[in-house]
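>>> Sequence first, predicted coordinates after that:
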Amino acid sequence: MALETLIEDTRWDEAGLEALVDVAERATLAYLGLDPEVCEGSVLGCDDEKITELNTQFREKDKATNVLSWPAAERATPNMRPPLPEPDFDGSVELGDIAISFDTCAREAEAAGTPFEHHITHLIVHGLLHVLGYDHITDADADIMERIETEILASLGVPDPY
């Protein structure tokens, strides 16, 4: 199983999105003690036009963003790590879906002087944590999520993005 990568904008093919998703997924799930082989979900590689459409439809924000996520189930637990998802009757773990915009990510990476691959890896880890119930609405939740992100990224040789 694992995350299915759907490419809507061909620039993602050149950027190697599928390989970046695979690396980020395996590192994130291993860190949390989940088997990637039983986890399911998807990542959509799109552009600003599509992500604006999704952001408007699902968040009522008519603007582009870097990454959006839709958890398969509500797992958030304020001010603490959310519980790990339980497998379904068939043994699979449904994570949810993520969309990521090439245009916004390219602008952000350039503005930060960050390698594009590092920024994308960070945002895939970030999106995966969101579908697993992590959030950054409160300072306490942000501290938990950012610490986990930086630890996962460090295991991949990606510098602390914060």
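Received, thanks. Numbers count the residues shown, from 1 in each chain.
>>> Can you tell me what sits against the one helix or strand residue 54 maps to?
Assessed by DSSP states H and E, residue 54 sits inside helix 48-59. Residues outside helix 48-59 that contact it (C-beta atoms under 8 Å, 6 or more residues apart in numbering) are 8-9, 44, 46, 61-65, 68, 70, 99-104. C-beta: built from backbone N, CA, C; applies to glycine.
>>> Drop anything exposed from these.
Buried members of the contacts of helix 48-59, counted by 16 or more other C-beta atoms under 10 Å: 9, 44, 46, 64-65, 68, 70, 99-104.
>>> now for these, which pair is the farthest apart?
Farthest pair in those (C-beta to C-beta) is 70 and 103. Separation: 20.5 Å.
>>> Helices - which of the contacts of helix 48-59 land there?
102-104 (DSSP state H).
>>> okay, those in TSV with pLDDT next?
Below are the ones in helices among the contacts of helix 48-59 laid out as TSV (pLDDT from 0 to 100):
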residue	pLDDT
102	98
103	98
104	98
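>>> so can I have a markdown table of these showing distance to residue 124?
Output for the ones in helices among the contacts of helix 48-59, formatted as a markdown table (distance: C-beta to C-beta, whole Å):
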| residue | distance to residue 124 |
| --- | --- |
| 102 | 13 |
| 103 | 17 |
| 104 | 14 |
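>>> between these, which is closest to residue 116?
When the ones in helices among the contacts of helix 48-59 are compared against residue 116 (criterion: C-beta to C-beta), the nearest one is residue 102, at 9.5 Å.
>>> Tell me which helix or strand in this protein has the weakest average pLDDT.
Ranked by mean pLDDT, DSSP states H and E, the weakest helix or strand in the chain is strand 2-7, scoring a mean of 92.
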